[in-house]
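Peer 1: Model the structure of this input:
(chains A and B)
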Amino acid sequence: GDSVTQMEGPVTLSEEAFLTINCTYTATGYPSLFWYVQYPGEGLQLLLKATKADDKGSNKGFEATYRKETTSFHLEKGSVQVSDSAVYFCAFLNSGGSNYKLTFGKGTLLTVNP
Amino acid sequence: DTAVSQTPKYLVTQMGNDKSIKCEQNLGHDTMYWYKQDSKKFLKIMFSYNNKELIINETVPNRFSPKSPDKAHLNLHINSLELGDSAVYFCATRRGYEQYFGPGTRLTVT
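Peer 2: Alright, predicted model coming up:
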């Protein structure tokens, strides 16, 4: 069945370090891919998205490229800040059906130390 | 202005009780959702409504009953609460591809 596998955390980095959080998916059809971020005590917010192969989503210095050949959508940031500490969720939306049901990964907790 | 709001923010109750969580949105979106997030942060969809009509009903015990009195509101009523119901419940709306989440309701069943 459809699923998302993302890197297990927690991930702890120092400020200005390079971040990668891996995400791969299993889906039929041509899904749209997303990264959501959950800051402590808050709901999820859309961080970036890509709706077709080779698209690159970017926001707040984060980037992810939709790689159909490897069914991946890895999240990267060149220089993390303390304020990036949060839980990051990879998700996809399958193009089949009209229910717009997001399938989420298990989340990766990122802690950035000063 | 809060786009998606939930009440209460925290709810502590005993096993066997019945409780409701409310969600209101002022975004004018047609589709609303309820998600459950467990202690390990795993997020699972429970229900979705589109224009007050139930369109997604995942494998959820029938103790959980959503109700949408109008497009701006989606409430969740839970009967006979169990310890395993302890979680954070998120309401969300959708426009296009993007979902907008509320701040969550932390439910603790003792």
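Peer 1: going forward, measure contacts and count neighbours with C-alpha atoms only.
Peer 2: Will do.
Peer 1: what residues are up against B:V60?
Peer 2: B:M46 (Cα atoms under 8 Å, 6 or more residues apart in numbering or on different chains).
Peer 1: excluding its backbone neighbours, what's nearest residue 102?
Peer 2: No chain was given, so I picked chain A. A:L93 (4.9 Å; Cα to Cα, 6 or more residues apart in numbering or on different chains).
Peer 1: wrong chain, I was asking about chain B
Peer 2: B:V4 (4.7 Å).
Peer 1: Identify the residues contacting the residue nearest to A:L102.
Peer 2: Here A:L93 is in contact with A:31-33, A:100-103 (Cα under 8 Å, 6+ apart).
Peer 1: residues near whichever residue of chain A sits closest to chain B, how many?
Peer 2: At 4.5 Å from chain B, A:G43 is the closest residue in chain A, using Cα to the nearest Cα. Using other Cα atoms under 10 Å in any protein chain shown, A:G43 has 21 neighbouring residues.
Peer 1: Could you tell me the per-residue confidence at the residue most central in space within chain B?
Peer 2: By Cα atoms, centre = their mean, chain B has its centre lying nearest to B:W34, at 3.6 Å. If you check B:W34, the pLDDT there is 95.
Peer 1: Next, the contact list for it, please.
Peer 2: B:W34 touches B:45-48, B:76, B:89-92, counting by Cα under 8 Å, 6+ apart.
Peer 1: Got a quick ChimeraX command for the buried subset of these?
Peer 2: Command for ChimeraX that selects the buried part of those, burial taken from 16 or more other Cα atoms under 10 Å in any protein chain shown:
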select /B:45,46,47,48,76,89,90,91,92
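Peer 1: Dump the contacts of B:W34 into a markdown table; add secondary structure and pLDDT as well.
Peer 2: Formatted as a markdown table, the contacts of B:W34 follow (DSSP: H, G, I helix; E, B strand; the rest coil; pLDDT from 0 to 100):
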| residue | secondary structure | pLDDT |
| --- | --- | --- |
| B:I45 | strand | 91 |
| B:M46 | strand | 93 |
| B:F47 | strand | 91 |
| B:S48 | strand | 90 |
| B:L76 | strand | 96 |
| B:Y89 | strand | 97 |
| B:F90 | strand | 96 |
| B:C91 | strand | 96 |
| B:A92 | strand | 95 |
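Peer 1: In TSV: the contacts of B:W34, plus distance to chain A.
Peer 2: Converted to TSV, the contacts of B:W34 look like this (distance: Cα to the nearest Cα, whole Å):
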residue	distance to chain A
B:I45	8
B:M46	10
B:F47	10
B:S48	8
B:L76	17
B:Y89	10
B:F90	7
B:C91	9
B:A92	9
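Peer 1: Contact partners for whatever residue of chain B ends up closest to chain A?
Peer 2: Across chain B, the shortest distance to chain A (Cα to the nearest Cα) belongs to B:P103, at 4.5 Å. By Cα under 8 Å, 6+ apart, B:P103 lies in contact with A:41-43, B:4-6, B:9, B:90.
Peer 1: swap the cut-off to 6 Å and go again
Peer 2: A:42-43 (Cα atoms under 6 Å, 6 or more residues apart in numbering or on different chains).
Peer 1: Kindly report the same for B:S80.
Peer 2: With the criterion set at Cα under 6 Å, 6+ apart, B:S80 makes contact with B:16-18.
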